[in-house]
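K.L.:
got a sequence here, can you model it:
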Amino acid sequence: MTLYTKMKIDFSENVIGYSSIGIIASTGIGSIAVVTSLMHGNGFLHKFMVVITVIVCNTHNAAILTIQKPKLILDLLLLSVVVNSLIIIVNGLY
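P.N.:
Residues are numbered from 1 along each chain as shown. As a prediction, this is how the structure comes out:
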């Protein structure tokens, strides 16, 4: 089994607990991404990165609040973590 398959099975069995941890993780990493984006100015690119962060984090949170399937919630959590981590890394490079 792949790591993703193991995570999906475990997430499906404990969706309520992992969802609450996911909200904290997604929002926390998203807030760091917003701060690092705005530390370098407030031009169009910086505002665009903030919008992307807000969209990804809110989509994940909305999937939890509207009680979507656990696979979708996990996929959106992983997407949120990856996108926000990339934004943090890109902003850290300059």
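
K.L.:
what residues sit buried inside the helix or strand of the chain with the lowest mean pLDDT?
P.N.:
Across the helices and strands of the chain, mean pLDDT, DSSP states H and E gives its lowest value to helix 3-13, namely a mean of 92. Buried residues in helix 3-13, defined by neighbour count with 16 or more other C-beta atoms under 10 Å: K8, F11. (Each C-beta comes from the backbone N, C-alpha and C, glycine too.)

K.L.:
quick one: list the elements packing against that helix.
P.N.:
If you count contacts as 3 or more C-beta pairs under 8 Å, 6 or more residues apart in numbering; DSSP states H and E, helix 3-13 packs onto helix 70-92.

K.L.:
what does the helix it packs on contact?
P.N.:
For helix 70-92, contacts defined as C-beta atoms under 8 Å, 6 or more residues apart in numbering pick out 7-8, 11-12, 15, 18-19, 22, 25-26, 29-30, 32-33, 36-37, 39-40, 49, 52-53, 56-57, 59-60, 63-64.

K.L.:
equivalent analysis for stretch 36-46, please.
P.N.:
M49, V50, T53, I87, I88, N91, G92, Y94.

K.L.:
in strands, which of the contacts of helix 70-92 fall?
P.N.:
In strands, judged by DSSP state E, none of the contacts of helix 70-92 are found.

K.L.:
can you select the buried ones from the residues you listed in ChimeraX?
P.N.:
To isolate the buried ones among the contacts of helix 70-92 in ChimeraX, judged by 16+ other C-beta under 10 Å, type:
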select :8,11,15,18,19,22,25,26,29,30,32,33,36,37,49,52,53,56,57,60,63,64
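
K.L.:
the least confident helix or strand of the chain to helix 70-92, inter-axis angle?
P.N.:
Interaxial angle of helix 3-13 relative to helix 70-92 (axes from the mean of the first three to the mean of the last three C-alpha atoms, to 10 degrees): 120 degrees.

K.L.:
picking up where we left off before, which of the contacts of stretch 36-46 count as buried?
P.N.:
Burial by neighbour count, judged by 16+ other C-beta under 10 Å, picks out M49, V50, T53, I87, I88, N91 from the contacts of stretch 36-46.
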